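Student: my questions concern the predicted model and sequence given below.
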Amino acid sequence: MSILKANVLIFLNKALRRTETDIDIYIQTCLNDLANSNLLLGQDTDQALESGDLTLDYPTDFKKLNTITLINDSSVRDKPLRKLPGGHRQYLKLRESDSATGTPEWFSEYNKKFHLWRPANGDYTTEIEYFRHHPQDVSDILFGDEFINAVNFGTTFWFATMTNLKEYEDKWGPIYSNERLMREACFEIQPSI
């Protein structure tokens, strides 16, 4: 099962006693709002490092990093990389004074890339877990079934807000807010270290 745009439309029309046909902007506003609360996790396993590589790209719809884990050619998972405490400035100083390769243990973020310290001394596959923005496409809702109420209630609230239906805005705002808080409370994520 998945959350379908057509079912959200049915819910909104029943809840607001309307006969709308196009609510894409309200669904998308709700999806963006939920993603802004870091409720949409993505995983990128498509990038690989070769010996000497310095960077990994931000994944699609990247919002905020959770972890970067490297897996060597023997399928051994390293500890997640740690963020350089001095940021990209520290990375540049390290690169300036040392050009040796090794096992990457640290990273900095700059220009939509993760800059690795040390540069890789071998080949690795990568696993990047991250919080993501929802794609701007309501025909493929990425939130799982546990978010059906949040999407229904949120779309109804955003429709009422954006079309000045004050009575329904006042009704659906708290309902959506409570459901979003419940989703946040149930969202389990391993802390990044």
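Tutor: Cool, the structure landed.

Student: so what secondary structure elements neighbour the biggest strand by length in the chain?
Tutor: If you go by DSSP state E, the chain has its longest strand at strand 62-72. Strand 62-72 is packed against strand 124-132, with contacts defined by 3 or more C-beta pairs under 8 Å, 6 or more residues apart in numbering; DSSP states H and E. C-beta: built from backbone N, CA, C; applies to glycine.

Student: for the helix or strand following the strand it packs on, buried residues please.
Tutor: Downstream of strand 124-132, the next assigned helix or strand under DSSP states H and E is helix 148-162. For helix 148-162, a neighbour-count test (16 or more other C-beta atoms under 10 Å) marks 148-161 as buried.

Student: hey, where'd the strands end up in the protein?
Tutor: Counting by DSSP E, the strands of the chain are 41-44, 48-49, 55-57, 62-72, 82-83, 106-110, 113-117, 124-132.

Student: and these as a markdown table, adding mean neighbour count?
Tutor: A markdown table is the format used below for the strands of the chain (neighbours: other C-beta atoms under 10 Å):
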| stretch | mean neighbour count |
| --- | --- |
| strand 41-44 | 16 |
| strand 48-49 | 18 |
| strand 55-57 | 17 |
| strand 62-72 | 18 |
| strand 82-83 | 14 |
| strand 106-110 | 18 |
| strand 113-117 | 20 |
| strand 124-132 | 20 |
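
Student: and for Gly87, the neighbour number?
Tutor: Per other C-beta atoms under 10 Å, the neighbour tally for Gly87 reads 12.

Student: tell me if I'm right that it and Phe107 touch.
Tutor: No: shown here, Gly87 and Phe107 do not form a contact pair, counting by C-beta atoms under 8 Å, at 10.3 Å.

Student: my read: Phe11 touches Asn152, true?
Tutor: Yes: using C-beta under 8 Å, Phe11 is in contact with Asn152, at 4.3 Å.

Student: and stretch 88-106, C-alpha only, in CSV?
Tutor: Backbone C-alpha positions of stretch 88-106 (Å, rounded to 0.1, in the frame of the first residue of the first chain) are rendered in CSV as follows:
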residue,chain,number,x,y,z
HIS,A,88,36.1,23.1,5.5
ARG,A,89,38.8,25.6,6.5
GLN,A,90,40.4,22.8,8.6
TYR,A,91,40.1,20.5,5.6
LEU,A,92,41.9,22.9,3.4
LYS,A,93,44.7,23.4,5.9
LEU,A,94,45.1,19.6,6.2
ARG,A,95,45.3,19.2,2.4
GLU,A,96,47.8,22.1,2.1
SER,A,97,50.2,20.4,4.5
ASP,A,98,49.7,16.7,3.7
SER,A,99,49.0,14.9,0.4
ALA,A,100,49.1,11.3,1.6
THR,A,101,46.3,8.9,1.1
GLY,A,102,44.8,6.7,3.8
THR,A,103,41.5,5.5,5.2
PRO,A,104,39.0,8.4,5.2
GLU,A,105,37.8,9.1,8.7
TRP,A,106,36.8,12.7,8.5
